[in-house]
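Sequence and predicted model, in that order:
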Amino acid sequence: MTKPLVIDAGVLRKLTRMSKADRVECLLALCELAEAFGQPHKHSGLSIRKLTGSTFECRGDLGWRLLFHNRPDGLYVSFLGTHEEVRAALKSGRFD
């Protein structure tokens, strides 16, 4: 079953500042995420990993990662950044 996808305004702003190629790859990953989450055989290409509690990570493309939360009403995409930015955000405790 497909869950609705909710994208944080900060993620949308970051998407608009990316190169067109990176933006396209990340948007395609978001579309795949909405369709594949909860079906492990389908989401292996996105490299979805559970990080903490309801927080997950998936690959937008080779250089970008998306953090999202699995909520009862949908998937909430809350952060977009490089691998290092994701690591720093997780260390800050923002996604516990």
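Cool, the structure landed.

Strands of this protein, start to end?
For the chain, the strands defined by DSSP state E cover 5-7, 49-52, 55-59, 65-71, 74-81.

looking at the ones you listed, which has the lowest confidence?
Mean pLDDT is lowest for strand 49-52 among the strands of the chain, at a mean of 86.

ok, residues contacting stretch 75-92?
Residues outside stretch 75-92 that contact it (CB atoms under 8 Å, 6 or more residues apart in numbering) are 3-8, 10-11, 14-15, 26, 30, 33-34, 37, 51-52, 57, 60, 63-69, 95. Backbone N, C-alpha and C define where each C-beta goes, glycine included.

Now, of those residues, which are buried?
Neighbour-count burial (16 or more other CB atoms under 10 Å) applied to these gives 3, 5, 7, 11, 14-15, 26, 30, 33, 37, 57, 60, 64-69, 95.

which stretches of this structure have low pLDDT?
1, 40-45, 95-96 (pLDDT under 70).

give me every residue that touches the residue nearest to the spatial centre of it.
With distances taken as CA atoms, centre = their mean, Leu66 lies nearest the centre of the chain, 2.7 Å away. Applying CB under 8 Å, 6+ apart, we find Leu66 in contact with Val11, Cys26, Ala29, Leu30, Leu33, Glu57, Cys58, Arg59, Gly60, Val77, Phe79, Leu80.
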